[in-house]
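K.L.:
Okay, sequence plus prediction incoming.
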Amino acid sequence: MIINHPLLGPRDSEEFVYLGSADLINRPTNWESEEAAEDFYQYLYIRENIAGDNRELWYHEQGDQSWLVVTRCTLTHEIKSVELAQDVSRAQGRSK
Amino acid sequence: MSKTKYSALKVLKEALTGHKGWEPAWRDAEPKADGYDVIIVGGGGHGLATAYYLAENHGITNVAVLEKGWIGGGNVGRNTTIIRSNYLLPGNEPFYEMSMQLWENLEQDLNYNAMVSQRGIMNLIHSDAQHDAFMRRGNAMLFADAGCEYLNKKEVKERYPFLDMDNARFPIQGALAQPRGGTVRHDAVAWGYARAASDLGVDIIQNCEVTGFNIENGKCLGVQTTKGDIKAGRVGVCVAGSSSRVMAKAGINLPIESHVLQAFVTEGLKPVLDNVITFGAGHFYCSQSDKGGLVFGGDIDAYNTYAQRGNLPIVEDVCSGGMAIMPMVGRVRLLRMWGGIMDMSMDGSPFIDKTDIQELFFNGGWCYGGFKATPASGYCYAHLLATDEPHEVATAYRLDRFRRGEMIDEKGVGAQPNLH
């Protein structure tokens, strides 16, 4: 698989480490609330495990060490779009 | 229905009479209009084994096995055929040892030649720390009556002189062996269970994809399929590899990711490897099939996928692992490679459990260890479906164990499914 890095252009997926769903960006922030245990349980252990277009986190370990959000079809391995995770996160209103 | 007993005498008789007396091994059934006591979703090894043990152990014979494609076309036909019970943790080891004991009697129980070969399995040791870890594992195996044997460097070298004993990165210090481990003809496991279950009255329905569940007031009343709705007293899902996709139809998200594991076979060689050798440090394991091909594999591809094929980086990784420890494979040509989809659970261990929906049960999360578990998985799932109680060796395989903090983390890597 070739990942079209927004800054570095097309790179072999071998240079990357895969983490999992891009939902992992949304770590619960409500650790003091009543629902925190359940929210963290859902965040840490439960996966949607999509068959189709999946937004996922790839880390460019052997490159510029940036985190990317790659939209990739889990049925065909076709990569539809690549964004910097930083941009995705900030667009959702997070600080980084 | 096949009631033919297979035996050497039968083979001889048929050979002399033009092979006119063979019958289909199992009945290809269509769904019954008034439904079933139990519907098993998934006609793989585990599903067929479950149906067989429901009928054989619990007398529940009004059972259907629904298979989207053809039976045995999924992971039971895609694995590297290894059986072993060399686990460490109390939640796992007794279960896998029970599976091993069922393997030992499988052919007699099913009257089917599954080519169960207890040729032994050997895990190579390369460091003092690994040595200590394997000693601990060996003791856990002895506690569970699984048996094990420690081989020192000299003994390993005498048995397998082709191994690179003094590998610069991973010199071989010894090995932990389980002489009762080995290999089984994997397709025959599916066929054997199908035949035995069919003989007891189980309906095997192929080309019947489950497209939804009929759920009313929190109770599952049956399934929707490409062959119409089918009523059921109880539904047991057993579709490892596609678990998330099927359970999503019942509105359930699971602690599972799907990953692809690749397997490889070389051209046939003369007998050279009479054992299963695992090189865990280099992510490579290998055995030799009865046809002579070296059957080997390594790590999963480590990204979510439902495509039953992998990518080339892992091919290179696995082959370089093989070259590192068994340099003699260098001139051997690769014949075929393929991929199967694994239910990678969050702790590397499986599930055999009820769900929050009444009369809907779940079996999955087998990671890359499902084949060896086939008999015990079917045995314990049948026990749960028939009695509402988990079998005593499968009590830890609960879906809510992460919520309770009672993981069975055999590798100790935490909730990172692509590292198990």
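P.N.:
Here it is on my side, so go on.
K.L.:
which stretches of the stretch 301-420 of chain B have low pLDDT?
P.N.:
Under the criterion pLDDT under 70, no range of the stretch 301-420 of chain B is flagged.
K.L.:
Would you mind listing what in it touches chain A?
P.N.:
Neighbours of chain A within the stretch 301-420 of chain B, by C-beta under 8 Å from any C-beta of the partner chain: B:302-307, B:311, B:313, B:346, B:402-403, B:415-418. C-beta: built from backbone N, CA, C; applies to glycine.
K.L.:
From those, list the buried ones, please.
P.N.:
B:302-307, B:311, B:346, B:402, B:415-418 (16 or more other C-beta atoms under 10 Å in any protein chain shown).
K.L.:
Pull the most distant pair out of these.
P.N.:
B:N311 and B:F402 (29.7 Å; C-beta to C-beta).
K.L.:
what bridges to B:Q358?
P.N.:
Taking DSSP bridges as the rule, B:Q358 bridges to B:K219.
K.L.:
residues near it, how many?
P.N.:
14 (other C-beta atoms under 10 Å in any protein chain shown).
K.L.:
same deal with the one 10 residues further on?
P.N.:
Applying other C-beta under 10 Å, we find 20 other residues in the vicinity of B:Y368.
K.L.:
Let me know how buried the nearest residue to B:I121 once chain neighbours are set aside is, in neighbour terms.
P.N.:
The shortest distance from B:I121 to any non-neighbouring residue, by C-beta to C-beta, 6 or more residues apart in numbering or on different chains, is to B:G181 (3.4 Å). Neighbour count of B:G181, defined by other C-beta under 10 Å: 28.
K.L.:
Inside helices: which ones of the residues of the stretch 301-420 of chain B next to chain A?
P.N.:
With DSSP state H as the criterion, helices contain B:P313, B:F402, B:R403 from among these.
K.L.:
Would you mind giving those residues as CSV with distance to B:D164 added?
P.N.:
Shown next, in CSV, are those (distance: C-beta to C-beta, whole Å):
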residue, distance to B:D164
B:P313, 23
B:F402, 41
B:R403, 46
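K.L.:
Relative to B:G182, how far out is B:L124?
P.N.:
17 Å (C-beta to C-beta, to the nearest Å).
K.L.:
The two: which has the busier surroundings?
P.N.:
The neighbour count for B:L124 versus B:G182, taken as other C-beta under 10 Å, is higher for B:L124 (27 against 22).
K.L.:
And the helix or strand that contains that one, how far out from the chain middle?
P.N.:
With elements taken from DSSP states H and E, the one containing B:L124 is strand B:121-125. Put simply, strand B:121-125 sits 20 Å off its chain's centre (C-alpha atoms, centre = their mean, to the nearest Å).
K.L.:
Toward the C-terminus, what is the element adjacent to it?
P.N.:
That would be, after strand B:121-125 and using DSSP H and E, helix B:128-143.
K.L.:
which phi and psi does the closest residue to chain A within the stretch 51-200 of chain B have?
P.N.:
Going by C-beta to the nearest C-beta, chain A is nearest to B:K68 of the stretch 51-200 of chain B, at 13.4 Å. Backbone torsions for B:K68, taken as degrees, to the nearest 10, come to phi -60, psi -40.
K.L.:
what about the strands in the stretch 51-200 of chain B?
P.N.:
Taking DSSP state E, counting those that start in this stretch, the strands of the stretch 51-200 of chain B run over residues B:63-66, B:82-83, B:121-125, B:149-152, B:174-178, B:182-183.
K.L.:
should've said chain A
P.N.:
Secondary structure of chain A by DSSP state E: the strands cover A:2-5, A:9-12, A:17-21, A:53-59, A:67-73, A:79-84.
K.L.:
got these as TSV, with distance to chain B, mean pLDDT and mean neighbour count columns?
P.N.:
As requested, the strands of chain A are exported to TSV (distance: least, C-beta to the nearest C-beta, whole Å; pLDDT from 0 to 100; neighbours: other C-beta atoms under 10 Å in any protein chain shown):
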stretch	distance to chain B	mean pLDDT	mean neighbour count
strand A:2-5	11	97	16
strand A:9-12	8	96	13
strand A:17-21	4	95	17
strand A:53-59	6	97	19
strand A:67-73	8	98	20
strand A:79-84	11	97	14
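K.L.:
can you redo those strands as JSON lines with distance to B:F296?
P.N.:
Output for the strands of chain A, formatted as JSON lines (distance: least, C-beta to C-beta, whole Å):
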{"stretch": "strand A:2-5", "distance to B:F296": "27"}
{"stretch": "strand A:9-12", "distance to B:F296": "24"}
{"stretch": "strand A:17-21", "distance to B:F296": "23"}
{"stretch": "strand A:53-59", "distance to B:F296": "28"}
{"stretch": "strand A:67-73", "distance to B:F296": "28"}
{"stretch": "strand A:79-84", "distance to B:F296": "29"}
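K.L.:
Out of these, which gets nearest to B:L254?
P.N.:
Nearest of the strands of chain A (C-beta to C-beta): strand A:17-21, 13.2 Å.
K.L.:
and for that closest one, what are the contacting residues?
P.N.:
A:47-48, A:50, A:54-59, A:61, B:257, B:302-304, B:416-418 (C-beta atoms under 8 Å, 6 or more residues apart in numbering or on different chains).
K.L.:
burial of the residue of the stretch 201-350 of chain B at minimum distance from chain A, as a residue count?
P.N.:
Going by C-beta to the nearest C-beta, chain A is nearest to B:S244 of the stretch 201-350 of chain B, at 3.6 Å. Close neighbours of B:S244, defined as other C-beta under 10 Å, add up to 24.
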